[in-house]
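Q: below: sequence and its predicted model.
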Amino acid sequence: MKEDKQGIDVKKNSKLLHWKDLLNEWIYLANYYCHFMKNDAPFVYTERANIGLLAAAAWKIEWIALEEFGARKRGIKQGRCDLYIYPNGKRKGEYIEAKQVWSKYNGKKEEWNLNQIQPI
């Protein structure tokens, strides 16, 4: 059975430690976007926008990233994969199926404290 990675602390899981640099770069890029675009944040858009930001983070740390490509999926002859990342020869590449979950936060966009996004 495939393990669901949602909610796992990458610092405490030795199989995911290589994600630390990727996620820190992703956070840096999200903060950069917030700073540059003022009252906007990339996480308020679609899953695709967030996957694009994660792919950009992969390239910035010299990994390989490929978004939205045709791939075989379990039980389906042909499907689409959201993102493939390859950590520069350090280990096998990983296929990522992304899902975006919307929080129940009802605050106004102008009230967000975008400075609360912190590195891992």
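A: Perfect, I can see it now.

Q: residue 17: neighbouring residues, count only.
A: Counted with other CB atoms under 10 Å, the burial measure for residue 17 works out to 11 neighbours. In short, each C-beta sits where N, CA and C put it, glycine included.

Q: contacting residues around it?
A: By CB atoms under 8 Å, 6 or more residues apart in numbering, the contact set of residue 17 is 10-11.

Q: before we move on, what about residue 81?
A: Contacts of residue 81 by CB under 8 Å, 6+ apart are 68-71, 73, 95-97.

Q: what helix or strand is the spatially most central residue of the chain on?
A: In the chain, the centroid-proximal residue (CA atoms, centre = their mean) is residue 54; its distance is 4.2 Å. Using DSSP states H and E, the element containing residue 54 is helix 47-60.

Q: show me what that helix is packed against.
A: Identification of packing neighbours for helix 47-60 by 3 or more CB pairs under 8 Å, 6 or more residues apart in numbering; DSSP states H and E yields helix 19-37, strand 64-73, strand 76-86.

Q: and these: which comes nearest residue 101?
A: For residue 101, the closest of these is strand 76-86, at 14.5 Å, according to CB to CB.

Q: who does that closest one pair up with?
A: Its sheet considered, strand 76-86 pairs with strand 64-73 (antiparallel), strand 94-96 (antiparallel) by DSSP bridges.

Q: where are the low-confidence patches of this structure?
A: 1-8, 72-76, 89-90, 102-120 (pLDDT under 70).
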